[in-house]
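**Student:** Please find the sequence and the predicted model below.
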Amino acid sequence: MPTKSPLRFRFFLYLYTVTWENLFSQKERFVQIMKKETQQLLFVYNANSGAHNAILDSMHKVFSPSTYDCNLCHLTYGLLTENRVWKKFREQSKIPMQFLHKDEFVGDYASKFGHNSAFPIVFLERGYELEVFISPEELNIMQSAQQLIDVIQERIKKISQ
């Protein structure tokens, strides 16, 4: 009765091992690619969505700007239109950006990520992960759209290296 060759067994064991190792390395590479490719900045305003809220926010900016709670709104928008410097940067930027009001963020992301964040805030979304990109404290001390743009460019440069 012939016996199975140890060499043949080792060969099949090698193929089996290489195949599984290859599958796992491919999976890791796929996850890394997906995280990198689905990278975006997620801006969350400290304001609620809707026309009614937009009108109230605009009035608040005019009548009591020092007590207005959304410095991100102030940096990126004037009374009725988007800040020109900011708009030009946003349109020319290569990194995707998404803009949400706090009620939209809570509805779309809080259950997925469990964030109890202060607003306004900017997250870096990579794949299925969120990390703080610009904190509320940083946003609240910024004085201009250009300052916001400079911080974004500096940090994007760091993570791209």
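**Tutor:** Noted; the coordinates are in hand.
**Student:** Show me the shaky parts of the chain.
**Tutor:** Confidence mapping of the chain against pLDDT under 70 gives the ranges 1-38, 53-69, 111-115.
**Student:** Tell me how many other residues crowd the nearest residue to residue 44 once chain neighbours are set aside.
**Tutor:** Ranked by Cβ to Cβ, 6 or more residues apart in numbering and with sequence neighbours excluded, the top spatial neighbour of residue 44 is residue 105, at 4.5 Å. No exception for glycine: its C-beta is placed from N, CA and C like everyone else's. A total of 23 residues lie near residue 105 under the criterion other Cβ atoms under 10 Å.
**Student:** Which residues outside the helix or strand hosting residue 105 are in contact with it?
**Tutor:** For residue 105, the host element (DSSP states H and E) is helix 102-105. Helix 102-105 has contacts (Cβ atoms under 8 Å, 6 or more residues apart in numbering) with 42, 44, 45, 46, 47, 48, 49, 115, 119.
**Student:** Spit out the contact partners of the first one.
**Tutor:** Counting by Cβ under 8 Å, 6+ apart, residue 42 touches 97, 98, 100, 105, 109, 122, 123, 124, 125, 130.
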